[in-house]
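# Need a 3D model of the sequence below.
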Amino acid sequence: MIPFSLAAAALATEGRLSGGADPDSLITGPLVFDSRDITPGSMFCCLAGKSVDGHDFAAQAVAAGAVAVLANRPVDASALVVPDVLEAMGRIAARVASEFTGTVIGLTGSAGKTSTKDLLTSILELDGPTVATPRSFNNEIGFPVTVSRVEPGSRYLLLEMGARGLGHIDSLCDIARPTISTVLGVGSAHIGEFGSREVTAQAKAEIVRALPAHGTAVLNGDDPLVSAMAGDTDATVITFGFGEHCDIRAEQVGVQHDGRPHFVLVHGKDRRRIELRVHGRHNVLNALAAAATAIAAGIPADRIAQGLRQAEISSGGRMEVTTCGDGVTVINDAFNASPESVLAALTALGDIAGPTRRKVAVLGGDGRAGRGSGRLARSGGRACRTPQSGCRDRHW
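Predicted coordinates for the structure are as follows:
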């Protein structure tokens, strides 16, 4: 964290210190909401869950090295007492972001956010110290935690932004406003919460409308709902995709025998062959988004190509491919799902297994789809029957 005192934190949150907290003590570590993640100088946030209340771990957190806890009532430990812990987390993160002098990058989309974040992180880290969203900490709880991890020497702050309704991304941008905003696509994920793709697009466009005029919007040029967001900003617009109209595009896309894709990355007259370590041809679009975002950040082409070639998906549950001792290959892509991502996973299954090996897909329902869950399940079944999936057993 960019250090600041408990007194400054109290001022930012309109809270009061209690439990013998020293106003001159410095918060030097990030915000933490899991007492097992305490590091010296961090601040433990006492969030109340359905079965566990963080206030019960306040003394333990301070004993483990937290400078104080953020609580909504006095506890038996040094504390900053505030009316709303979650809101106070956002205010503290906003204070940290206000002192950050590097580049803030926001990333959103219905699918592929975390994989793209991992690919982009591989590029950014070659250019300078980078803080990126861990796992999928992209909501009102995880977002301020990520922002608080920024240090004085950080060059990039890469923030994945999720949304379950209108205004959610706006509130995240109020904490840390991006100068580069990337939108991957608008699909069926969370359609049960938004009601339609058009409303989903309105929510995702909030990340573009938050840009300053000197910023850059990086948009999927092949998705009409995303490319239309160019009209929502005065910032520079860069597009990526497979169409010739896109500023950064992929040509000669293919897949190795093990399911790892390769393509030619095209930007103006610059052409570079990229072989990805990650599995699944759908990651070509994610790689294009990462490359386009890196170009917006001014990173040289050689460094972008190197970062893509060595990138791996470090966040769990996304195209994790393991070959067991008996020769069975297990593909774990179970973190999340929508009809679009199911088709992408089934296509990868076909590519990895090839034409001769037996393929078994285990699919679950999508609880976020609401009333549309039946329709989305049927579309997932149809995806199993597409030539891309390579599936011959069509039980659904």
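# All the helices of the protein, in order from the start?
Using DSSP state H, the helices of the chain run over 6-13, 58-63, 85-98, 113-127, 142-147, 168-175, 191-194, 197-204, 206-209, 224-227, 283-296, 301-310, 339-353, 373-384.
# mind checking which of these is nearest Thr233?
Of all these, it is helix 206-209 that lies closest to Thr233, at 5.0 Å by Cβ to Cβ. Yep, even glycine has a C-beta here, placed from its N, CA and C like the rest.
# contacts for the closest one?
Contacts to helix 206-209, defined as Cβ atoms under 8 Å, 6 or more residues apart in numbering, come from residues 106, 108, 161, 163, 166-170, 173, 178, 181, 183, 217, 219, 229, 232-233, 235.
# ditto for stretch 289-307
Counting by Cβ under 8 Å, 6+ apart, 103, 105, 107, 112, 116, 119-120, 122-127, 156, 180, 182, 184, 216, 218, 220, 236, 238-240, 247-248, 265, 267, 270, 272, 274, 308, 311 sit against stretch 289-307.
# number of nearby residues for Gln202?
18 (other Cβ atoms under 10 Å).
# related to what we said a few turns ago, and the contacts of helix 206-209, which are buried?
Among those, those buried by neighbour count (16 or more other Cβ atoms under 10 Å) are 106, 108, 161, 163, 168-169, 173, 178, 181, 183, 217, 219, 229, 232-233, 235.
# Which one among those residues sits at the bottom for pLDDT?
By pLDDT, Ala163 ranks lowest within the buried ones among the contacts of helix 206-209, coming in at 87.
# roughly how far apart are that residue and Val226?
The spacing between Ala163 and Val226, counted by Cβ to Cβ, to the nearest Å, is 14 Å.
# out of the helices of the chain, nearest to Gly19?
Proximity to Gly19 (Cβ to Cβ) singles out helix 58-63 among those, at 8.3 Å.
# Can you give the distance from that closest one to the centre of its chain?
30 Å (Cα atoms, centre = their mean, to the nearest Å).
# In this structure, what helix or strand scores lowest on average pLDDT?
Here the helix or strand of the chain ranked lowest by mean pLDDT, DSSP states H and E is helix 373-384, holding a mean of 54.
# wait, His168 sits on Ala203?
Yes. Counting by Cβ atoms under 8 Å, His168 does reach Ala203; the two are 6.7 Å apart.
# Spell out for me which residue occupies the centre of this protein.
Closest to where the C-alpha atoms of the chain average out (Cα atoms, centre = their mean) is Glu160, at 3.2 Å.
# doesn't Phe137 make contact with that residue?
Yes. Using Cβ under 8 Å, Glu160 is in contact with Phe137, at 7.5 Å.
# Spit out the residues that contact those two alike.
In contact with both Glu160 and Phe137: no residue, using Cβ under 8 Å, 6+ apart.
# Can you give the domain ranges for this structure?
4-83, 100-310, 320-389 (automatic domain parsing).
# how much distance is there from stretch 77-89 to the middle of the chain?
Offset of stretch 77-89 from its chain centre (Cα atoms, centre = their mean): 26 Å.
# should've said stretch 16-25
35 Å.
# and that stretch, C-alpha only, in CSV?
Taking only C-alpha atoms (Å, rounded to 0.1, in the frame of the first residue of the first chain), the coordinates of stretch 16-25 have been written out as CSV:
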residue,chain,number,x,y,z
ARG,A,16,-13.1,7.4,14.9
LEU,A,17,-10.2,5.6,16.4
SER,A,18,-10.8,3.3,19.4
GLY,A,19,-9.1,0.5,21.4
GLY,A,20,-5.9,2.5,21.9
ALA,A,21,-5.3,2.9,18.2
ASP,A,22,-2.3,5.3,17.6
PRO,A,23,-3.3,8.0,15.1
ASP,A,24,0.3,8.3,13.9
SER,A,25,0.6,4.6,13.1
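# what comes into contact with that stretch?
5-7, 10, 67-68, 74-81.
# same deal with stretch 74-83?
Contact with stretch 74-83 is made by 6, 9-10, 13-22, 25, 43, 46, 55, 58-59, 61-62, 67-73, 88, as judged by Cβ under 8 Å, 6+ apart.
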